[in-house]
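**Q** got a structure for you, letters missing:
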């Protein structure tokens, strides 16, 4: 007999579409009442499982982690209500995670593609410019439709952020990924890097701390979203303090980028730029922090409904995943109160349901990197 769950509270099919009466039958959602009684009745305000659009499963501070640590990372995300993850670069082969029905759904991007000696050791492919196009093609074929570039990093020769690769080669590489049917996203801290990426027809910008007024109309016109990762950007003052004695220009630049982080995100949102929630969990940020990122977006000025869209309905549509609809997979989170009116409720979920199964993970997982 199919496992039946009744969701007895209001269900947010969209920010402006509230329904009453939804069930999970054999792991699929339905609005038609089953003939058999439910095995479980769950109350609370329901909405689609959260999306972490910038996450690193299988990545630790020194690079790849073992399977046990990878499992703990995925379980921490699950406990927070993150039921769909867009990986943004990992040196680990995490295909096995995709085979586990008790772990969040995972869209893989393969490894970061970075410039030699211009990135954190052990995390990505470190290559020279002439290898960029070939490497992007390989990662496009090996991933799940996404490729991750490291667009800029500190250049110790000049003592500040600088593009990782020449603009022309970036254009060629992104064109190659598109030929392979993959989208490309890029780590972008600096201002000029965003110009190069938009010129190259990038599909997404990560961090986007260098966002300037000149970029915003182009982001809108080219339908390029940003994933601000504000819980990670909060670490910039510490990075600047460590770098200041040796690289004062870089430290000052990072501080200025941090200071206008919220203003930048709000300006983009008000202009119509699509914004999605991502934590950058992996090397420094702990897993299971999607609610913290949602609160950061709200603190930047996004209203609760827009924050929820960035982490649920809109993010799922962008990634081609079902939200809440007839026959969709029962990937649902339930809040104590209406999150459109009190966003604090996303931090302490009542229930997490993945593929029609309830998960009551202990919050001890939230201490796992």
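**A** Looks like it arrived, so ask away. This one's a predicted model, so the numbers in the text were calculated from it and none came from an experiment.
**Q** before we move on, what SS does the spatially closest residue to residue 317 that is not a sequence neighbour have?
**A** Excluding the flanking residues, the one nearest residue 317 by C-beta to C-beta, 6 or more residues apart in numbering is residue 323, at 7.0 Å. For every residue, glycine as well, the C-beta is placed using N, CA and C. In three-state terms, and counting by DSSP: H, G, I helix; E, B strand; the rest coil, residue 323 is coil.
**Q** quick one: residue 323 and residue 48 touch, right?
**A** Yes - with contacts counted by C-beta atoms under 8 Å, residue 323 reaches residue 48, the gap being 4.2 Å.
**Q** and the residue lying closest to residue 37 once chain neighbours are set aside, bridged to which residues?
**A** In this structure, residue 37 finds its nearest non-sequential neighbour in residue 4, 7.4 Å apart by C-beta to C-beta, 6+ apart. Residue 4 has the following beta-bridge partners by DSSP bridges: residue 25.
**Q** picking up where we left off before, who's more crowded, residue 323 and residue 48?
**A** residue 48 (30 against 22; other C-beta atoms under 10 Å).
**Q** Contact partners for the more buried one?
**A** Each residue near residue 48 by C-beta atoms under 8 Å, 6 or more residues apart in numbering is listed here: 83, 312-313, 316, 322-324, 331-333.
**Q** Max pairwise distance over those residues: which two?
**A** Among the contacts of residue 48, the pair separated by the greatest distance (C-beta to C-beta) is 322 and 333, at 14.4 Å.
**Q** and those two? which has more neighbours close in?
**A** Legend: neighbour count by other C-beta under 10 Å for residue 322 and residue 333, higher for residue 333 (24 against 15).
**Q** Now do the same contact list for the more buried one.
**A** Per C-beta under 8 Å, 6+ apart, neighbours of residue 333: 46-50, 81, 83, 346, 349, 351-353.
**Q** Shouldn't it be within a strand?
**A** Yes - under three-state DSSP, residue 333 falls within a strand.
**Q** Now do the same for it: its pLDDT.
**A** The model reports residue 333 with a pLDDT of 98.
**Q** my read is residue 211 is in a helix, agree?
**A** No - if the criterion is three-state DSSP, then residue 211 is coil and not within a helix.
**Q** pretty sure it contacts residue 268?
**A** Yes - counting by C-beta under 8 Å, residue 211 does reach residue 268; the two are 6.2 Å apart.
**Q** between the two, what contacts are shared?
**A** Shared contacts of residue 211 and residue 268, counting by C-beta under 8 Å, 6+ apart, come down to residue 226.
**Q** Okay, now the unreliable bits of the stretch 251-369 of the chain?
**A** 361-369 (pLDDT under 70).
**Q** so where's the stretch 1-150 of the chain uncertain?
**A** Applying pLDDT under 70 to the stretch 1-150 of the chain picks out residues 1.
**Q** just the strands in it please.
**A** Assigned by DSSP state E, counting those that start in this stretch, the strands in the stretch 1-150 of the chain fall at 4-14, 17-25, 28-30, 40-42, 45-48, 50-55, 59-60, 63-64, 82-87, 105-107, 112-115, 124-127, 146-150.
**Q** Now distance to residue 260 too, for those strands, in JSON lines please.
**A** What follows is the strands of the stretch 1-150 of the chain, written out as JSON lines (distance: least, C-beta to C-beta, whole Å):
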{"stretch": "strand 4-14", "distance to residue 260": "32"}
{"stretch": "strand 17-25", "distance to residue 260": "35"}
{"stretch": "strand 28-30", "distance to residue 260": "42"}
{"stretch": "strand 40-42", "distance to residue 260": "42"}
{"stretch": "strand 45-48", "distance to residue 260": "31"}
{"stretch": "strand 50-55", "distance to residue 260": "20"}
{"stretch": "strand 59-60", "distance to residue 260": "28"}
{"stretch": "strand 63-64", "distance to residue 260": "32"}
{"stretch": "strand 82-87", "distance to residue 260": "26"}
{"stretch": "strand 105-107", "distance to residue 260": "31"}
{"stretch": "strand 112-115", "distance to residue 260": "26"}
{"stretch": "strand 124-127", "distance to residue 260": "28"}
{"stretch": "strand 146-150", "distance to residue 260": "22"}
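**Q** Relative to residue 136, which of the ones you listed is closest?
**A** The nearest among those, by C-beta to C-beta, is strand 146-150 at 5.6 Å.
**Q** orientation of the closest one relative to strand 50-55 in degrees?
**A** 50 degrees (axes from the mean of the first three to the mean of the last three C-alpha atoms, to 10 degrees).
**Q** how far does strand 146-150 sit from the chain's center?
**A** 13 Å (C-alpha atoms, centre = their mean, to the nearest Å).
**Q** contacting residues for residue 53?
**A** Residues in contact with residue 53 (C-beta under 8 Å, 6+ apart) are 86, 88, 227, 276-278, 315, 318-319.
**Q** What about these, which are in helices?
**A** Secondary structure from DSSP state H places 315, 318 of the contacts of residue 53 in helices.
**Q** Next one: the closest residue to residue 12 other than its chain neighbours from residue 250, what distance?
**A** Closest residue to residue 12 apart from its sequence neighbours, by C-beta to C-beta, 6+ apart: residue 47 at 4.3 Å. Counting by C-beta to C-beta, to the nearest Å, the separation of residue 47 from residue 250 is 41 Å.
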